[in-house]
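Engineer: Sequence and predicted structure are below.
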Amino acid sequence: VIRIAPGVDAGRIRIVSLGTAPSGHAVAFHPRNLVVLGAGASLTLLDGAHGAGKGVYWQNAVTEIALGEGARLTHVRLQDEARDAFHTALVAVRVEAKGEYDSFTLVRGARLARNEVHAVLTGPKAALHLNGAQLVDGERHADTTTVIDHAAPDCESNQTVKTVLTGRARGVFQGKIHVHQVAQKTDGYQMNQALLLSPEAEINSKPQLEIYADDVKCSHGATVGELDHDQLFYLRSRGIPEVEAKSILVQAFLTDAVSLVSDEALRETLLAATDAWWDEVEHPA
């Protein structure tokens, strides 16, 4: 339980849940976190660790977050479970008037992973940013599911999720923005972009808007494609080997997503994790 008193800037806190299982055994554990920020309070929360976990296990985490009026939480999550692990996570967020929840989730571990977020904007001028990236290789499966409830007028939500898939990997994005009738002057944006690096990789994308108010500005979209052949040709024409050229384009795609994180130190942590993933893909053990 993390409680921040009204008006307090609590700086940065890190939560780490480590999963490990003895050889030949499988275990499950179910951490539960509660984060409450009083009116006007602020906090930067890093949830997870690079290279955490060992063996076959299931981590099933629930995090509840309540932000008081004018409170601000920056929440960066790094899901880097062991390759044979299973990971399911639910984050439930409530944001009161003028509060702001700014989050980024990087998914790069586990055999099967699901990242689910349910967020409710309960007061006027509340803001929500749900961004992230999924890095999926081999025969792994990663799922991001979000539901954003605009339950008050004059609120804003933004969501951009990028996915890179190789091998026979499977990715899922399903995001819903629900605008209640009372939520006039809502500004909602949602985008999912996927990069397929193998003809056997697959992405299933379902952005969704459900709007009951008549004075709103909402948009959503999805793009799926492979590396741009013209860009690849340009780099190779400058003497860059194909493997390195491909790496440059993939890293640019991911860096564009991670750049949404405003905290420089956390941004560098995420970039290091994406670099390590790509290095593992290009040079498997």
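Structural biologist: On my side now, so go ahead.

Engineer: can you map out the strands along the stretch 51-200 of the chain?
Structural biologist: 56-67, 72-79, 86-95, 100-107, 112-121, 127-136, 141-150, 156-165, 170-179, 186-196 (DSSP state E, counting those that start in this stretch).

Engineer: helices and strands around the first one, which ones?
Structural biologist: What it means is strand 56-67. The contact analysis (3 or more C-beta pairs under 8 Å, 6 or more residues apart in numbering; DSSP states H and E) places strand 56-67 against strand 26-29, strand 32-37, strand 72-79, strand 86-95, strand 100-107. (Glycine included, C-beta is placed from N, CA and C.)

Engineer: what mean pLDDT would you report for the third one?
Structural biologist: The average pLDDT within strand 72-79 is 95.

Engineer: go on, the second one?
Structural biologist: For strand 32-37, the mean pLDDT works out to 97.

Engineer: Export that strand to PDB, keeping only CA atoms.
Structural biologist: What follows is strand 32-37, C-alpha atoms only, in PDB (Å, rounded to 0.1, in the frame of the first residue of the first chain):
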ATOM      1  CA  ARG A  32      -1.900  -6.800  -5.000                       C
ATOM      2  CA  ASN A  33      -1.000  -3.200  -4.900                       C
ATOM      3  CA  LEU A  34      -3.000  -0.100  -3.800                       C
ATOM      4  CA  VAL A  35      -1.800   3.400  -4.700                       C
ATOM      5  CA  VAL A  36      -3.700   6.400  -3.300                       C
ATOM      6  CA  LEU A  37      -2.700  10.000  -4.000                       C
END
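
Engineer: From the chain's centroid, how far away is stretch 214-232?
Structural biologist: The chain centre lies 17 Å from the centre of stretch 214-232; the measure is C-alpha atoms, centre = their mean, to the nearest Å.

Engineer: Three-state assignment for residue 272, please.
Structural biologist: helix (DSSP: H, G, I helix; E, B strand; the rest coil).

Engineer: would residue 265 count as being in a helix?
Structural biologist: Yes - assigned with three-state DSSP, residue 265 falls within a helix.

Engineer: follow-up on the earlier one: do you know which of the helices and strands packed on strand 56-67 lies nearest residue 17?
Structural biologist: strand 26-29 (7.8 Å; C-beta to C-beta).

Engineer: who does the closest one pair up with?
Structural biologist: Note on strand 26-29: by DSSP bridges, its sheet partners are strand 56-67 (parallel).
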